[in-house]
Every structure is written in structure tokens, then in C-alpha cells.
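Undergrad: Below are the sequence and a predicted model; questions follow.
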Amino acid sequence: MSFDRTIKIAPSILSADFANFGAEIRAIEAEGADWVHVDVMDGHFVPNLTFGPPAVKAFRPHVKTFMDVHLMITPVDAYIEAYAEAGADMISAHVEAGPHPHRTLQAIRATGRKAGIALNPGTPVEAVEYLLDLCDMVVVMTVNPGFGGQKFIHSQVDKIARLRGMIGDRPIHIQVDGGVDPATAPLVAMAGADVLVAGSAVFKGGSVENAQVYGANMRAIREAIAS
Ligand code: DX5
Ligand code: ZN
């Protein structure tokens, strides 16, 4: 997939119907999702538990766009191969997940998958400065990871802008994850983000049977940015 900085919406299936992932993924893609964001949580790095590699493997055949797997787990290196095998297109790990994020990114790249590095809200942007040449994406968390539906942390907009300057011409995506909705999306897009994860703002009010709501919710985000 070629690199560009156009705005991409990546719905987080953390807000989908957990009894119906295949149909939910097909519905959000039919309604215009650019990527599918899969939140992996271990009950240790974050206070919640979600998807092991077999679950991610089961999602894979339903994803026709790009499967973006966000690992909120520590230790992380031991699981990279399994999530790559499960069919992730992009694997993001947290810079806070261990003492050797540089090695983690090398391990992701070694699987042939795209590599992302994620920053918690309290982590300064400089933490990724010497990792950028191993990254295809930096994820700026705009909530504390662990749950969908939390309030956007506004201090992170400045972090996005500083990151954008640090990246310069390098082909590295900036993803924003947490509390993205039509009110906050323009702020992060203006600051330089191009991949917008949105869980509750995409899935709210809709269902597989009423999937046009997902489409309307995504359009509301895109239109807020364009206006
Ligand atoms: C938070 C996850 C997010 C989350 C986003 O730990 O990484 O991807 O699901 O959900 P909303 O958009 O509801 O904040
Ligand atoms: Zn996420």
C-alpha cells in the first residue's frame, strides 16, 4: 500500500457487537472505513482484556482494507510473530511496553508487517525521536488506553503538532487514538494526524442491521474536518 497523508478513518471494533465481529467488520467497510483498528489488551499493561491471536485470525478474512493491530500488552516481543501470522497488516506496540522499543520495532519489521509505535498521554514525544526510522506510524493516544468511550485529552494536540514537525518528509503516518469525534477530529487533523481511530463515534446509534448510521457517523467526522 502506497503512503499518503490523506485522512483515513479506522473504526475500533472495541465498540462493535462482540457476538458479531465478521458482520460488523463488513458493515463498517461497506460504509466507508479506510482501515480496521483492532485493540489488543492484556489486563496488565492496561486494565482490560480483549483479543488473542486466534481472535485476530478469525477477523482477518472479513477485512478487505487494512488490519491495524494495536498491541497494549507487555511483554510484547514474544507475541509479535503470532499477531503477524494472524494476519495483521500493521502492528503497533507501546514505547512504554518495555526497555527496548527499538528491538520491538525491528522484530515487527522482520515479520514483513508495517510497524507502529504508540505513546501514552504522559509520554513525551521525544521518546520516539530515535525510533522514527524504524516506524511506519506513530500512535498518539488521546486517552489513557484500556477502554473505549473516554474523553479526549486536549494536551495531546500539541504533541501531534510537535511530532509532525519531527517527522518532516519521512513517510510515517500519525495516528490518533481515543475520543475522536466530529468535535475533536478537526483539531488533530489540523495538527498533522492522518489516521483517525474512532470507536464510539463510529458505532454509536448503529448496528449491522442499521449500518447506514456507521456511514453517517464517519461522514460527520470527515465533514467536520473539511469544513
Ligand atoms: C483505547 C483504544 C482505542 C479505543 C478508542 O484503549 O486503544 O482504540 O477503542 O475508542 P473511542 O473512540 O471510543 O475513544
Ligand atoms: Zn487503539
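TA: Nice, thanks for sending it over. Remember, it's a predicted structure, so these values are computed and weren't measured experimentally. Ligands and ions are numbered 1, 2, ... in the order given.

Undergrad: and stretch 126-133, which residues are buried?
TA: V128, L131, L132 (16 or more other Cβ atoms under 10 Å). The C-beta positions use only the backbone N, C-alpha and C, and glycine is treated the same way.

Undergrad: which residues of the protein score low on pLDDT?
TA: Within the chain, the segments meeting pLDDT under 70 span 1.

Undergrad: Which residue ranges of it form strands?
TA: Ranges of strands in the chain, per DSSP state E, are 8-11, 36-41, 67-72, 90-94, 114-119, 137-141, 173-177, 195-198.

Undergrad: helices or strands next to the second one in the packing?
TA: Read that as strand 36-41. Judged by 3 or more Cβ pairs under 8 Å, 6 or more residues apart in numbering; DSSP states H and E, the packing partners of strand 36-41 are strand 8-11, helix 21-30, helix 53-59, strand 67-72.

Undergrad: Then the last one?
TA: Applying 3+ Cβ pairs under 8 Å, 6+ apart, we find strand 195-198 packed against strand 8-11, strand 173-177, helix 185-191, helix 212-226.

Undergrad: Nearest to ligand 2: which residue in the protein?
TA: H70 (3.8 Å; Cβ to the ion).

Undergrad: Could you dump the strands of the chain into JSON lines with mean neighbour count added?
TA: Output for the strands of the chain, formatted as JSON lines (neighbours: other Cβ atoms under 10 Å):
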{"stretch": "strand 8-11", "mean neighbour count": "26"}
{"stretch": "strand 36-41", "mean neighbour count": "26"}
{"stretch": "strand 67-72", "mean neighbour count": "26"}
{"stretch": "strand 90-94", "mean neighbour count": "27"}
{"stretch": "strand 114-119", "mean neighbour count": "23"}
{"stretch": "strand 137-141", "mean neighbour count": "26"}
{"stretch": "strand 173-177", "mean neighbour count": "26"}
{"stretch": "strand 195-198", "mean neighbour count": "28"}
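
Undergrad: so can I have a markdown table of the ones you listed showing distance to E223?
TA: Converted to a markdown table, these look like this (distance: least, Cβ to Cβ, whole Å):
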| stretch | distance to E223 |
| --- | --- |
| strand 8-11 | 12 |
| strand 36-41 | 21 |
| strand 67-72 | 23 |
| strand 90-94 | 26 |
| strand 114-119 | 27 |
| strand 137-141 | 23 |
| strand 173-177 | 18 |
| strand 195-198 | 13 |
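
Undergrad: Out of these, which is closest to E209?
TA: In terms of Cβ to Cβ, the element of the strands of the chain nearest to E209 is strand 8-11, at 17.1 Å.

Undergrad: what about that closest one and ligand 2, any contact?
TA: No: between strand 8-11 and ligand 2, judged by Cβ under 5 Å from the ion, nothing touches; the nearest distance is 8.6 Å.

Undergrad: chain center to that strand: distance?
TA: 8 Å (Cα atoms, centre = their mean, to the nearest Å).

Undergrad: now swap in stretch 159-171 and tell me
TA: Counting by Cα atoms, centre = their mean, stretch 159-171 is centred 17 Å from the centre of its parent chain.

Undergrad: same thing with stretch 147-157?
TA: Centre-to-centre, stretch 147-157 and its host chain are 14 Å apart (Cα atoms, centre = their mean).

Undergrad: Would you format the strands of the chain as CSV with distance to ligand 1 included?
TA: Formatted as CSV, the strands of the chain follow (distance: least, Cβ to the nearest ligand atom, whole Å):
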stretch, distance to ligand 1
strand 8-11, 8
strand 36-41, 5
strand 67-72, 5
strand 90-94, 9
strand 114-119, 8
strand 137-141, 7
strand 173-177, 5
strand 195-198, 5
